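> Just need the structure, nothing else, for what follows:
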Amino acid sequence: MKLKTLIEEASQCQGRTVAVAAAEDEEVIEAVAMATRHRLGRFVLYGDRERIGRLLKEKGCVGSSDVDIVHANSVVQAAELAVRAVHLNEADALMKGHVPTATLLKAVLNKEYGLRAGRVLSHVAVFEVPEFDQLVIVTDAAMNIAPDLEQKVQIVNNAVSVAHSIGIEQPKVAALAAVETVNPAMPVTLDAAALSMMQRRGQIEHCLIDGPLALDNAVSSAAASHKRIDSEVAGQADILLVPDIESGNMLYKSLVYFAKAKVGAVIAGAKAPIVLTSRADSAESKLYSLALAICSAAK
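Numbering: from 1, shown residues only. The predicted structure is shown next:
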């Protein structure tokens, strides 16, 4: 499966609307223009009307019936209006534009009009890695600094939900560590073993989990065989659960910059999917993230 397949699937999800907070950003507008050409849905752009209009014109997206602009006097107001639209079911997904992440998340977590759903929010990234025959999901590389076992359960559930939305019916989850054996001196391995047992006992559903697994034997059947690991997950993991934000961030950026992987990502666990891309992300990456968010919202 390729990420471009997500674009095709998202285009089949009729009537979906994305609220974009502080949309006056060139890469965001380019992604929106690309999304409208692929008929991914309708976009409501909150922010400076004049600047947004100018960028839409530059990207050849003026006059599209799939794009509306709602003026906001500040990025704070733009974030609030976009989040309120999702809260009121006027939009199905939220996208970050030229607004600080902290500002957007403050609106998302607002008790009155925010998108709280009683779950941990976590970052779910779907990678297409060259010469690798399946999509790989990495979580959580951006939200939770050092999640405890309870938080990891929710992070897994969020990632499994996203996996289901892109057609992976029984995702295989590898709880990553530096080694593939349980070592009491390495708490990460204890959490990984606990998650594996919780899944076997039905406390975590709709997936398979094994851990601890090192990265090589999580994604390489040859490495797993060499280390004599007999597992339904080893060598064929769909979801890589990282132990903390440092390892997740480094794995994410290594895949992008060293492996030249393509990626789309969402924040899961809220009332609706959130596209929280970095300013360094390309318009193509933002497009994949939009497609992923629309698929997640639909399913």
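> show me what contacts the residue nearest to Asn158 when sequence neighbours are not counted?
With Cβ to Cβ, 6 or more residues apart in numbering as the measure, Ala268 is the residue that lies nearest to Asn158, at 3.8 Å, once sequence neighbours are left out. Backbone N, C-alpha and C define where each C-beta goes, glycine included. Residues touching Ala268, when contacts are defined by Cβ atoms under 8 Å, 6 or more residues apart in numbering, comprise Leu121, Ser122, His123, Val124, Asn158, Ala159, Ser161, Val162, Ser296.
> go on, Asp210?
Contacts of Asp210 by Cβ under 8 Å, 6+ apart are Lys172, Val173, Ala174, Ala175, Ser196, Ser231, Glu232, Val233, Ala234.
> For the first one, give the beta-bridge partners.
Looking back up the chat, that one is Lys172. Lys172 forms beta bridges with Leu208, as assigned by DSSP bridges.
> count of neighbours near it?
20 (other Cβ atoms under 10 Å).
> Return the distance of it relative to Gly211.
Between Lys172 and Gly211 the distance, using Cβ to Cβ, to the nearest Å, works out to 11 Å.
> Repeat that for the last one.
Relative to Gly211, Ala234 is positioned 10 Å away (Cβ to Cβ).
> element containing Thr5?
Secondary structure assignment for Thr5, by DSSP states H and E: helix 3-11.
> and the strand or helix carrying Arg84, what does it pack onto?
Arg84 is part of helix 75-87 when elements are defined by DSSP H and E. On a contact count with 3 or more Cβ pairs under 8 Å, 6 or more residues apart in numbering; DSSP states H and E, helix 75-87 meets strand 17-21, strand 42-47, strand 93-96, helix 101-108.
> mind checking which of those is nearest Gln151?
Taking Cβ to Cβ as the measure, the helices and strands packed on helix 75-87 were each checked against Gln151, and helix 101-108 came out nearest at 16.5 Å.
> Quick check: buried residues in the helix holding Thr5?
Neighbour-count burial for helix 3-11, counted by 16 or more other Cβ atoms under 10 Å, picks out Leu3, Leu6, Ile7, Glu9, Ala10, Ser11.
> Which single one of those is nearest to Asn217?
The closest of the buried residues of helix 3-11 to Asn217 turns out to be Leu3 (Cβ to Cβ; 25.4 Å).
> before we move on, the earlier item: out of Ala234 and Gly211, which sits in the more crowded spot?
In this comparison of Ala234 against Gly211, neighbours counted by other Cβ under 10 Å, the higher total goes to Gly211 at 29 against 25.
> Name the nearest residue to the most centrally placed residue in the chain, ignoring sequence neighbours.
The chain has Val266 as the residue nearest its centroid, 2.4 Å off, counting by Cα atoms, centre = their mean. Taking Cβ to Cβ, 6+ apart as the measure, Val266 lies nearest to Pro273, with 4.4 Å between them; neighbours along the chain are not counted.
> what's that neighbour sitting at in phi/psi?
Reported as degrees, to the nearest 10, the phi and psi values for Pro273 are phi -70, psi 150.
> Assess the claim that it and Ala293 are in contact.
Yes. With the criterion set as Cβ atoms under 8 Å, Pro273 and Ala293 qualify as a contacting pair; they are 4.1 Å apart.
> tell me the contacts of Thr103?
Taking Cβ under 8 Å, 6+ apart, we find Thr103 in contact with Val75, Val76, Ala79.
> Let's see that with 6 Å instead.
Contact analysis of Thr103 by Cβ atoms under 6 Å, 6 or more residues apart in numbering lists Val76, Ala79.
> let's have the chain start at 6 instead
Let's use 6 as the start, then, which means that last one is Thr108.
> now the helices: where do they sit in the stretch 156-304 of the chain?
192-205, 220-224, 226-231, 250-262, 288-303 (DSSP state H, counting those that start in this stretch).
> The ones you listed: which one's closest to Ala28?
Comparison of these against Ala28 by Cβ to Cβ identifies helix 288-303 as nearest, at 11.6 Å.
> Tell me which residues are up against that closest one.
8, 11-12, 14-15, 18, 21, 32, 35-36, 39-40, 45-46, 97-98, 131, 167, 170-171, 268-271, 277-278, 280, 282.
> Identify the residue nearest Met191 in space, chain neighbours excluded?
Spatial nearest neighbour of Met191, excluding adjacent residues (Cβ to Cβ, 6+ apart): Ala182 at 6.5 Å.
> so who does that neighbour touch?
When the contact criterion is Cβ under 6 Å, 6+ apart, the partners of Ala182 are Val193, Thr194, Ala197, Pro217.
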